[in-house]
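Novice: Task: produce atomic coordinates for the following.
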Amino acid sequence: MSRLASLFTILVVSTAWLVGQTDWEKTRSIAEAQHEIVMLAIKNKQYDKVLPNSKKIFALTFPANREHLLVDHAKLSSSLLVEQANYPLAHQIVDEAIKVVHNNKSKAALLKEKAVICSREGHDGDAMKFFEQAVKLEEGKP
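Specialist: Residues are numbered from 1 along each chain as shown. Okay, here's the model as predicted:
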């Protein structure tokens with residue numbers, strides 16, 4: 001390959017990486033603001049705003065190595081909702097997150113969160129089921 005072709009290849013790859021970084025920064029910034037909106041809505045018991053604003057986060061395109069941030073949002077939101085005994089909304093948040101994550105580690109973490117919600121509700125049978133599903137995913141079983 002000629003020196004010019006090599007330089008062109010480096011330029012194209014570098015430009016693609018920079019565009020990807022710029023896109024991620026925009027996505028991260030939007031997600032961060034939406035997360036804060038959700039946190040304030042929960043704090044102020046404006047429950048009608050929680051799910052729609054969480055869905056806005058879940059609709060964003062996260063790179064695979066940042067998927068844990070979606071899990072973190074769902075877990076924090078659901079935890080705060082459980083503290084306020086709003087179990088149905090906590091389940092909805094986690095269910096929406098499960099729909100958009102791709103790796104088994106993320107899915108397992110969310111299933112564990114569902115188990116905790118069920119346990120706090122007093123539904124230990126359901127909690128056991130979700131914990132078992134999480135373990136299967138972590139073990140790599142379908």
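
Novice: Count the neighbours of residue 91 for me.
Specialist: Using other Cβ atoms under 10 Å, residue 91 is surrounded by 18 other residues. Where C-beta positions appear, they are placed from N, C-alpha and C, glycine not excepted.

Novice: Find the nearest non-adjacent residue to it, please.
Specialist: Leaving aside its sequence neighbours, residue 91 sits nearest to residue 117 (Cβ to Cβ, 6 or more residues apart in numbering; 5.9 Å).

Novice: Name the helix or strand for that neighbour, please.
Specialist: Using DSSP states H and E, residue 117 sits within helix 104-121.

Novice: The residue nearest to residue 91 touches residue 87, doesn't it?
Specialist: Yes. Assessed by Cβ atoms under 8 Å, residue 117 is found in contact with residue 87 at 5.9 Å.

Novice: So, low pLDDT: which residues of the chain?
Specialist: Low-confidence segments of the chain, defined by pLDDT under 70: 1-21, 142.

Novice: And the helices in it, which stretches?
Specialist: Secondary structure of the chain (DSSP state H): helices located at 3-43, 50-58, 68-83, 87-100, 104-121, 124-138.

Novice: other SSEs contacting the third one?
Specialist: So that's helix 68-83. Using 3 or more Cβ pairs under 8 Å, 6 or more residues apart in numbering; DSSP states H and E, the elements in contact with helix 68-83 are helix 3-43, helix 50-58, helix 87-100, helix 104-121.

Novice: Adding distance to residue 71, write those out as JSON lines.
Specialist: As requested, the helices and strands packed on helix 68-83 are exported to JSON lines (distance: least, Cβ to Cβ, whole Å):
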{"stretch": "helix 3-43", "distance to residue 71": "12"}
{"stretch": "helix 50-58", "distance to residue 71": "11"}
{"stretch": "helix 87-100", "distance to residue 71": "7"}
{"stretch": "helix 104-121", "distance to residue 71": "5"}
